[in-house]
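Novice: I would like to see how this sequence folds:
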Amino acid sequence: MRHNKKFNHLGRTASHRSAMLSNMACSLIKHKRITTTVAKAKALKKFVEPLITKSKDDTTNSRRVVFSNLQDKFAVTELFKEISVKIGDRPGGYTRIIKTGNRLGDNAEMCFIELVDYNENMAKEQTAKKKAPRTRRSKKGADAAAPAATAEAVVEAPAAEEPKAESAE
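Specialist: Predicted coordinates:
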């Protein structure tokens, strides 16, 4: 029976797995986005998010705890100086996994894993979505009003163009 055995071993020994996750976390912190398999990305998410949470309070102890996991001075410095400032008000969910399809060689599921606050394209789309909250009932009214608004614009547009053509002649 597999009771309470949820940990994905990724086909590696414990030392190999911890070294791999440490290296992947350092790469994620340095480059803000990495490409990997979905299984490794899910394991990395569980590994790196507590470290990012730990970086929110900049104390000697929290730096030591993060360094013991990452083993990279540059990554720790960047995590505490840049990333923790940018994600200071976020309560969690610092990473995003975007699936990209299957790898050609072995058909493994591939994905991007990235830090949420560092993708400007996704941030713009989410702010646009937040500006126009829609409910179930407002869709019916919006759909009925939208064709009427476009019809009025079409009627007004030729009238506005005709005087310009006459004045040019």
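Novice: could you use CA atoms for every contact and neighbour count after this?
Specialist: OK.
Novice: just name the shakiest helix or strand of this protein by mean pLDDT.
Specialist: helix 136-168 (a mean of 53; mean pLDDT, DSSP states H and E).
Novice: now do the phi/psi pair for the nearest residue to residue 118 once chain neighbours are set aside.
Specialist: Sequence neighbours aside, residue 32 is the residue nearest to residue 118 in space, at 6.8 Å (criterion: Cα to Cα, 6 or more residues apart in numbering). Main-chain torsions, residue 32, degrees, to the nearest 10: phi 70, psi -10.
Novice: ditto for the one 4 residues further on
Specialist: Its backbone dihedrals place residue 36 at phi -160, psi -180, with angles given as degrees, to the nearest 10.
Novice: pretty sure it contacts residue 111?
Specialist: Yes: if you go by Cα atoms under 8 Å, residue 36 and residue 111 touch, sitting 5.7 Å apart.
Novice: and residue 63, what does it touch?
Specialist: Counting by Cα atoms under 8 Å, 6 or more residues apart in numbering, residue 63 makes contact with 55, 76.
Novice: if I look at it, how far off is residue 123?
Specialist: As for residue 63, its distance to residue 123 is 29 Å (criterion: Cα to Cα, to the nearest Å).
Novice: what is the burial count for the nearest residue to residue 84 once chain neighbours are set aside?
Specialist: Leaving aside its chain neighbours, residue 84 sits nearest to residue 56 (5.3 Å; criterion: Cα to Cα, 6+ apart). A count of nearby residues for residue 56, using other Cα atoms under 10 Å, gives 19.
Novice: what do you get for the one 4 residues further on?
Specialist: The burial metric for residue 60, expressed as a neighbour count using other Cα under 10 Å, is 8.
Novice: show me what contacts it?
Specialist: Per Cα under 8 Å, 6+ apart, neighbours of residue 60: none.
Novice: check what pLDDT it gets.
Specialist: In this model, residue 60 is scored at 97, pLDDT.
Novice: likewise the one 5 residues further on?
Specialist: Confidence at residue 65, expressed as pLDDT, is 97.
Novice: swap in residue 120?
Specialist: pLDDT, residue 120: 81.
Novice: and it, how close does it get to residue 77?
Specialist: To residue 77, residue 120 is 23 Å away according to Cα to Cα.
Novice: picking that back up, contacting residues around the residue nearest to residue 118?
Specialist: The contact partners of residue 32, taken as Cα under 8 Å, 6+ apart, are 114-115, 118.
Novice: these in strands, which ones?
Specialist: Counting by DSSP state E, those place 114-115 in strands.
Novice: and the contacts of residue 32, which is closest to residue 68?
Specialist: Of all the contacts of residue 32, residue 68 sits closest to residue 115, with 21.3 Å by Cα to Cα.
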